[in-house]
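Asks: Got a sequence here, can you model it:
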Amino acid sequence: MVNDIFNTGLTQLDLLTVIMFVIGLVLIVLAIIKKWEPYELLPLGVGIVLTNFPLTAMFVDAVEGFGQPGILFVLYNYGILWTLLPVLIFIGLGAMVDFGPLLADPKLIVLGFAAQVGIFFAFVGSILLGFTTGQAASIAIIGGADGPTTIFLTSRLAPEILGVCAVAAYTYIGMIPFINPPVSKLLTSKKERLIRMKPNRTVHRYERILFPIITSFVVILLIPQAGTIVGCFMFGNLIRESGVVPRLSKAAQNELTNLVTMFLCFAVGASLNSGVIMDLGPIRVLGVFALGIFSVGAGAAVGVLIAKFMNLFLKNKINPLIGAAGVSAVPAAARTAQAMAMEEDPNNHILMYAMAPNVAGVIGSAAVAGVFLGMLF
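Replies: Here you go, the predicted model:
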């Protein structure tokens, strides 16, 4: 009886467990107080807190002597390792994305793809710092500022760092307004930031319908390993643009996306326990975050530089601020470009132009994930 009384979670607490509690609570505070990606960071934070409670067996396999697997383990195993939840989220994301700005000015797809170059810089940097190739690819893909793609790729190549990479990815999406402006201002002049772009043409309905179909064929034939996420993403977009299944479109944009996001981030948070940090090492965990910031910043920089290069040959100039929107944090990166343009000229509205490389970046990061899978899986 005495042993039962003293065999509580309090007796099992250690410094690292307390630190994990603090990390989870910080994410919850950022979600509630700062409103940084609250739909993602709130369940992530709760998952981290719950999985680190001692003696609860919420995140253990049955073989460890607890009779049945813990509920968080079941959600993680079947939802994440089987890639069910990351794939489903792409259907919802596709249903929410408007490719109209990209179709109105197709050349801007170059900026979305160019911004993915930062991923390869971070990949090389990760290798040089001693990470395995699978871990390096998972860390590098954070530079796409695309949480679902990061989760999908990491679950295949380096599940041992899934929680760290997912927290980094969603944190950096919230940090885009702090990462992109310094990079963009460093690489542009005031004159360039004042550029007003030519009004977009009207996009025909049939263009919107054909785009996800044609893109699926092109990308999946060229990069088969990206087929799962690109196919689901374009399926979601076709639901939206077809106009014949409004209930499916609404459900994909709302109920499906909300539920899957909640369970996806909750399960990923549950994978980030103190044991994972001990195995990886605190210094290497900090390295993941540092490399993630470098990857995002490098991607934004390349996007801006490519926009400036394109302007050497264009009659109708591009505002290079939209190049930084190529990191696929939709719509955070586009809104950040808009805010920067309006700082220089309150009447210069570039949001719709910035959305073109922004949504192109989603395709680009998915394609890069497919390249990594083809090379390493």
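
Asks: going forward, measure contacts between C-alpha atoms and count neighbours the same way
Replies: Will do.

Asks: quick one: low-confidence parts of the stretch 251-377 of the chain?
Replies: Along the stretch 251-377 of the chain, segments meeting pLDDT under 70 are nowhere present.

Asks: What segments of it are helices?
Replies: Remark: helices assigned in the stretch 251-377 of the chain by DSSP state H, counting those that start in this stretch are 257-270, 274-280, 282-311, 332-344, 351-376.

Asks: got it, and the stretch 51-200 of the chain?
Replies: In the stretch 51-200 of the chain, the helices defined using DSSP H, counting those that start in this stretch lie at 71-76, 84-96, 100-104, 109-114, 117-128, 133-140, 147-157, 162-187, 190-193.

Asks: Same list, those helices, but as a markdown table with mean pLDDT, distance to Ile239 and mean neighbour count please.
Replies: What follows is those, written out as a markdown table (pLDDT from 0 to 100; distance: least, Cα to Cα, whole Å; neighbours: other Cα atoms under 10 Å):
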| stretch | mean pLDDT | distance to Ile239 | mean neighbour count |
| --- | --- | --- | --- |
| helix 71-76 | 81 | 28 | 20 |
| helix 84-96 | 92 | 6 | 24 |
| helix 100-104 | 94 | 15 | 21 |
| helix 109-114 | 92 | 22 | 27 |
| helix 117-128 | 90 | 30 | 21 |
| helix 133-140 | 93 | 30 | 27 |
| helix 147-157 | 90 | 20 | 25 |
| helix 162-187 | 87 | 26 | 22 |
| helix 190-193 | 94 | 37 | 15 |
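
Asks: what's the closest of these to Ala354?
Replies: Closest approach to Ala354 among the helices of the stretch 51-200 of the chain is made by helix 100-104 (8.3 Å; Cα to Cα).

Asks: Can you name the residues in contact with the closest one?
Replies: Residues from elsewhere that reach helix 100-104 (Cα atoms under 8 Å, 6 or more residues apart in numbering): 108-109, 200-203, 207-208, 352-353, 355-357, 359-360.

Asks: again, only using 7 Å
Replies: Applying Cα atoms under 7 Å, 6 or more residues apart in numbering, the contact partners of helix 100-104 are 108-109, 200-203, 208, 352-353, 355-356.

Asks: List buried residues within these.
Replies: 108-109, 208, 352-353, 355-356 (16 or more other Cα atoms under 10 Å).

Asks: between those residues, which is closest to Ala95?
Replies: Arg208 (12.3 Å).

Asks: thinking again about what came up before, and the helices of the stretch 51-200 of the chain as CSV, adding distance to Leu44?
Replies: As requested, those are exported to CSV (distance: least, Cα to Cα, whole Å):
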stretch, distance to Leu44
helix 71-76, 12
helix 84-96, 14
helix 100-104, 32
helix 109-114, 28
helix 117-128, 24
helix 133-140, 18
helix 147-157, 12
helix 162-187, 7
helix 190-193, 37
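
Asks: right, and those helices - which one's nearest Trp36?
Replies: Smallest distance to Trp36 across the helices of the stretch 51-200 of the chain (Cα to Cα): 4.8 Å, for helix 162-187.

Asks: Which pair of the contacts of helix 100-104 spans the longest distance?
Replies: Ile109 and Thr202 (17.5 Å).

Asks: Can you tell me which residue is spatially central in this protein?
Replies: Centroid-nearest residue in the chain: Asp146, 1.7 Å away (criterion: Cα atoms, centre = their mean).

Asks: Surely that one and Ala329 touch.
Replies: Yes. Between Asp146 and Ala329 there is a contact under Cα atoms under 7 Å: 5.8 Å.

Asks: host element of Leu27?
Replies: Using DSSP states H and E, Leu27 sits within helix 15-29.
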